[in-house]
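K.L.:
Give the three-dimensional model of this entry:
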Amino acid sequence: MAKAYIALGSNLNQPTQQVQAAILAIAALPECQLIKQSSLYETSPVDCPEYEAIPVPNFINAVVMLTTTLSPHALLAALHAIEDETGRQRHYVNAPRELDCDLLLYDDLVINDSTLNLPHPRMHQRGFVLLPLFEIDPHACIPNHGKIATLIAQQPITGIKRQG
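P.N.:
Below is the predicted model:
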């Protein structure tokens, strides 16, 4: 069984419910077992200049850990199917969305092909990924980047609030 980490995010159409429903959908995937889930985090939009021109709601984010016998590509396809069920539209990079399910890590694999990049690009720079990941696995490491705890200590993390 491989260990995988998935980031979830939403800022449209009841984001808290979108993320919670996605966690249930991931837990129900065949050949997968949900091991841990983080708290929900409310986060400000990041890296999208379009947000400066129009008001966009904050995101709700979380990270889950699971074990699976699915290949990384099959797991990613299953995550995309969950996104599609919410009506996810990909208008432009970092656009507001009903649901985003990103495969962050799959064991210690490093993959860079036309459909999958592991570890997920820029996850080591994203507080909204690092904090929930640290919550469920404080000893996690990102291949070619290092320990989560070290990455958190090395950068300012703002605009993120843990819920309940």
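K.L.:
Where does pLDDT dip in this protein?
P.N.:
47-55, 88-96, 164 (pLDDT under 70).
K.L.:
Show me the strands in this protein, by range?
P.N.:
2-10, 32-37, 41-43, 59-68, 100-106, 111-112, 117-118, 141-142, 146-147, 160-162 (DSSP state E).
K.L.:
Check which strands are paired with the third one and give the direction for each one.
P.N.:
Partner strands and pairing direction for strand 41-43 (DSSP bridges) are strand 59-68 (antiparallel), strand 160-162 (antiparallel).
K.L.:
picking up where we left off before, adding mean neighbour count and distance to residue 78, write the strands of the chain out as CSV.
P.N.:
Backbone N, C-alpha and C define where each C-beta goes, glycine included. Formatted as CSV, those follow (neighbours: other CB atoms under 10 Å; distance: least, CB to CB, whole Å):
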stretch, mean neighbour count, distance to residue 78
strand 2-10, 23, 10
strand 32-37, 16, 8
strand 41-43, 21, 24
strand 59-68, 23, 9
strand 100-106, 22, 9
strand 111-112, 11, 16
strand 117-118, 18, 15
strand 141-142, 19, 22
strand 146-147, 13, 28
strand 160-162, 14, 27
